[in-house]
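**Q** quick one, structure for this:
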Amino acid sequence: MAAELSDAAYSIPIKAVVTNSHKPRDILELQLKKGAKLLLLEPKGDWWYLARHIKTGKEGWVPAKRVRILPQLDSYTVSKLFLDWYDKKEMAFGDGSKLGLAEEGAAEMRREPVNREAFPFPPTEIDVCDKVVCKIRKLEKGLGVCVHDMEAFLKAGVGELYGAKFLWKESLQWHPDGVGRKCRTEFVGEAVKLVSEMYVIFQELIGEARKKEGEE
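**A** From the prediction side, this is the model:
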């Protein structure tokens with residue numbers, strides 16, 4: 001392949017659709033079927049992308065002329081979604097210190113136990129992963145997102161801060177053991193299931209981040 005390598009990975013994967021089928025010429029390329037959905041992870045020169053097949057999860061090089069980029073959430077919208085979600089998460093499970101609130105105001109907010117309305121569900125807009133196993137899990141679980149959705153969302157939200165250390169610190173707020181005392185009695189059972197689901201997602205992301213950091 002003649003494409004030049006580039007380290008400019010996208011902060012959030014770009015959704016695209018295959019416009020023409022493509023038969024790979026070597027093991028680095030993905031086989032493409034017209035109509036298939038992709039996530040473009042990184043540009044590789046002017047003529048290629050590193051992409052992930054949404055349905056199969058396989059990654060490889062794809063020719064730029066075989067794909068069409070779909071309408072995307074702009075960076076401002078993604079940033080706002082992340083900040084709104086992060087603030088809601090801090091309101092529910094944090095101490096208010098990361099919200100820039102006055103100590104007295106934060107203390108007042110802490111007195112209100114978390115109900116379903118106040119629970120920090122991930123925004124529905126980040127549900128982009130279309131892998132079959134993930135779609136099934138998202139229907140079965142309560143958060144409506146998978147590990148791939150959260151990975152892209154967190155990377156877009158915190159940029160270079162993303163890594164095992166950041167993920168570990170964030171995961172502590174999602175540990176099921178600390179949920180009961182912060183939620184309304186009638187919501188505790190559901191809340192424990194929801195935070196347990198997110199905690200598992202964070203553990204998967206931590207494992208992947210540590211593996212990647214160990215290879216660098």
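**Q** and M150, what does it touch?
**A** 122, 126, 198, 201-202, 205 (CB atoms under 8 Å, 6 or more residues apart in numbering). All C-beta spots, glycine's among them, are computed from the backbone N, C-alpha and C.
**Q** that one looks like it's in a helix, true?
**A** Yes: under DSSP: H, G, I helix; E, B strand; the rest coil, M150 sits within a helix.
**Q** gap between it and M198?
**A** Separation of M150 from M198 (CB to CB, to the nearest Å) stands at 8 Å.
**Q** out of the helices and strands in this protein, which is least certain?
**A** Using mean pLDDT, DSSP states H and E, the weakest-scoring helix or strand in the chain turns out to be helix 103-110, at a mean of 49.
**Q** could you list the domains of the chain?
**A** 14-69, 75-215 (automatic domain parsing).
**Q** got the end-to-end distance for the first one?
**A** Read that as domain 14-69. 7 Å (CA to CA, to the nearest Å).
**Q** ok, now the longest one?
**A** Domain 75-215 stretches 29 Å from its first residue to its last (CA to CA).
**Q** what do you get for stretch 117-133?
**A** Across its full length, stretch 117-133 reaches 28 Å between end residues, using CA to CA.
**Q** next: stretch 178-194.
**A** One end of stretch 178-194 to the other measures 13 Å (CA to CA).
**Q** contacts for that stretch?
**A** Applying CB under 8 Å, 6+ apart, the external contacts of stretch 178-194 come out as 92-93, 113-116, 119, 121, 142-143, 176, 195.
**Q** pull the distance from that stretch to the chain's centre.
**A** Relative to the mean C-alpha coordinate of its chain, stretch 178-194 is positioned 24 Å out (CA atoms, centre = their mean, to the nearest Å).
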